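**Q** Sequence and predicted model, in that order:
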Amino acid sequence: MTKISKNRKAALLKYDASKVYSLADAAKIVKDITSAKFDASVDVSVRLGVDPRKANQMVRGSVSLPHGSGKTMRVLVLCTPDKQAEAVAAGADFVGLDEYIEKIKGGWTDVDVIITMPSVMGKVGALGRVLGPRGLMPNPKTGTVTLEIGKAVTDAKGGKIDFKVDKAGIVQALVGKVSFDSSKLAENTNELLQTIMKLKPSSAKGTYVKSIYLSSTMSPSVQIDTKFLG
């Protein structure tokens, strides 16, 4: 039998783990049951009724969280020299092309978002083996392969997050920090959930959103009632 820590035991006394809660209540509970001494991240986990092995049931996209993610995003822009000043002006942390491609080939991936442009995707595509498993591969669907480099950097820095369903049919995404007001956590989560709803594949049959859980890095999960999604 797994031993439950004192903090977890105290958290489990504050709410009913077998119950489903409204989004607003779940956000309050997660704040209340987090025992971390640091500003823990808050994540949402959405189980979808899709088969991610089928290309026509892949759910991926991006969303700009109304209150930001609370995370400082390190942005790398891989672009031609004529776009570099635009990237720097927008606040990119790293800007260049060949030298960063070589660094990534050597295993360097110390960034959160990589933005590039269509004309250099041939070079960037060769990095798939390194970037793919880390979720860093630029993709037109998430706005990270674009000619609007400055806007893409501003979006990434301002709370735009990318998400993608995993092999188990689950989308996991950061929706804020425990220090956020519960109303802001709820609004960020709702924005993500509404975006996921809009991306429902026409080939997905049966229940699309099977379950939603909200948790922080240091808390148990709280289940959210899916009925509000309609």
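**A** Done, it's in.
**Q** Need the residues that contact the helix ranked longest in the chain.
**A** For the chain, the helix with the greatest residue count under DSSP state H is helix 182-198. Applying CB atoms under 8 Å, 6 or more residues apart in numbering, the contact partners of helix 182-198 are 23-24, 26-28, 30-31, 42, 44, 46, 48, 59, 61, 63-67, 69, 161, 163, 171, 173, 175-176, 180, 208-209, 212, 214, 224, 229. Where C-beta positions appear, they are placed from N, C-alpha and C, glycine not excepted.
**Q** cool, stretch 119-126 as well?
**A** Applying CB under 8 Å, 6+ apart, the external contacts of stretch 119-126 come out as 78, 79, 80, 97, 98, 101, 114, 116, 137, 138, 145.
**Q** any idea how far residue 9 is from the last one?
**A** Relative to residue 9, residue 145 is positioned 48 Å away (criterion: CB to CB, to the nearest Å).
**Q** same deal with the fourth one?
**A** When CB to CB is applied, the distance between residue 97 and residue 9 equals 53 Å.
**Q** now do the third one
**A** When CB to CB is applied, the distance between residue 80 and residue 9 equals 57 Å.
**Q** ok, now residue 16?
**A** Relative to residue 9, residue 16 is positioned 15 Å away (CB to CB).
**Q** Flag the shaky bits of this structure, pLDDT-wise.
**A** Counting by pLDDT under 70, the low-confidence segments of the chain come to 1-4, 230.
**Q** switch the cut-off to 80
**A** The chain contains residues with pLDDT under 80 at 1-13, 35-36, 229-230.
**Q** Spell out the residue ranges of the strands in it.
**A** With DSSP state E as the criterion, the chain has strands at 20-21, 41-48, 60-64, 75-78, 94-96, 113-116, 160-164, 170-177, 209-216, 222-224.
**Q** Please name the spatially closest residue to residue 217 (chain neighbours excluded).
**A** Leaving aside its chain neighbours, residue 217 sits nearest to residue 40 (4.1 Å; criterion: CB to CB, 6 or more residues apart in numbering).
**Q** Might one say that the one you found is in contact with residue 176?
**A** No - with contact defined as CB atoms under 8 Å, residue 40 does not count as touching residue 176 (10.1 Å).
**Q** So between the two, which is more surrounded?
**A** Neighbour totals were compared for residue 40 and residue 176, and residue 176 leads with 29 against 20 (other CB atoms under 10 Å).
**Q** which residues of the chain fall in helices?
**A** 6-13, 23-33, 81-89, 98-105, 121-125, 128-131, 149-157, 182-198.
**Q** Run through the residues that contact the residue positioned nearest the centre of the chain.
**A** Nearest to the geometric centre of the chain sits residue 173, at 3.5 Å (CA atoms, centre = their mean). When contacts are counted by CB under 8 Å, 6+ apart, residue 173 touches 43, 44, 161, 163, 192.
**Q** can you pull up the bridge partners for it?
**A** Counting by DSSP bridges, residue 173 is bridged to residue 44.
**Q** cool, residue 48 as well?
**A** Beta-bridge partners of residue 48, as defined by DSSP bridges: residue 209.
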